[in-house]
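J.: Mind looking at a prediction? Sequence and model below.
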Amino acid sequence: MMRPRRALAALLATGFALASAPVTVADVEPAVPAESATGQPGAAPPAATEPVAATPVAASAPAESTPAPGPAAPPADAAPALDPAAAPAADAAADSGAVPAVTACKMFSVALNYAAQNYEDFAYNTAGDGNSVDYRDPTVVSSNQTGRTALRQAAGSAMEASNTPGLDPSISSPMRSWSLRATKLVLLMGLHGGGNSLNTTATNMNSDAQDVQWACAAAGTHA
């Protein structure tokens, strides 16, 4: 019973982890060596300071070899080719059918994330009691209202994404289904539905979301 309710939020866990991984690797290495080399000013270690200074000199030696015209020119030419703004524009122009998919899948991804984040508290507050849900619990009352508001907005965004002009039916159909099930979940929460109905609806929404993700991946984008 507990897994389907939490599954709606679990869909986003991997996405956030992948997004945060590159940031930590990039920030750690450069800060330490620069400060450790400058922080050794003593009378006794001048000899030790010179080997440390020799390390930057070794780093500057390759810099002296770089003025050679051969190595310096390729990086300058490679920069425009790696421009992220130019490459997608060229790809989008080459395949006009990909444009609706990119637009719709991005919009659906935002709706999915928003729904999952705001439904999570209600799912956890009502988990573990089978079909019984204590709608008088203050935490359930609060998370119920928050979850319904977010699901209503997400359902509207998902339906708008499914109506993107030129969107392939393999993408628009599961988007529309997810939107309708999200609306159903809003009604169930508002009518104080039982845990079984909530779980079934959330599970079906997850299935629709996976179908959207597969279809978006087949179109060369992601949701």
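T.: Structure received.
J.: Pull out the buried positions in the longest helix belonging to the chain.
T.: The residue-count maximum for a helix in the chain (DSSP state H) belongs to helix 98-125. Across helix 98-125, burial judged by 16 or more other Cβ atoms under 10 Å covers 98-105, 107-109, 111-123, 125. C-betas here are computed from N, CA, C, even on glycine.
J.: Same question for stretch 167-183.
T.: Of the residues in stretch 167-183, 167-168, 171-183 count as buried by neighbour count, 16+ other Cβ under 10 Å.
J.: Show the average pLDDT along it.
T.: With pLDDT averaged residue by residue, stretch 167-183 scores 97.
J.: Can you name the residues that contact Ala219?
T.: Gly97, Ala98, Ala101, Cys105, Asp168, Ile171 (Cβ atoms under 8 Å, 6 or more residues apart in numbering).
J.: I figured the fifth one hits Ala101, correct?
T.: Yes. Counting by Cβ atoms under 8 Å, Ala101 is a contact partner of Asp168 at 6.6 Å.
J.: returning to what we had before: show me which residues of the helix or strand just after the longest helix of the chain are buried.
T.: For helix 98-125, the following helix or strand on the C-terminal side (DSSP states H and E) is helix 138-162. Across helix 138-162, burial judged by 16+ other Cβ under 10 Å covers 140, 143-144, 146-148, 150-155, 157-159, 161-162.
J.: what's in contact with the helix or strand that helix 138-162 is followed by?
T.: Counting by DSSP H and E, the element after helix 138-162 in chain order, helix or strand, is helix 169-190. Residues from elsewhere that reach helix 169-190 (Cβ under 8 Å, 6+ apart): 101, 104-105, 108, 112, 115, 119, 122, 144, 147-148, 151-152, 154-156, 158-159, 161-164, 193, 197-198, 201-202, 204-205, 208-209, 211-212, 215-216, 218-219.
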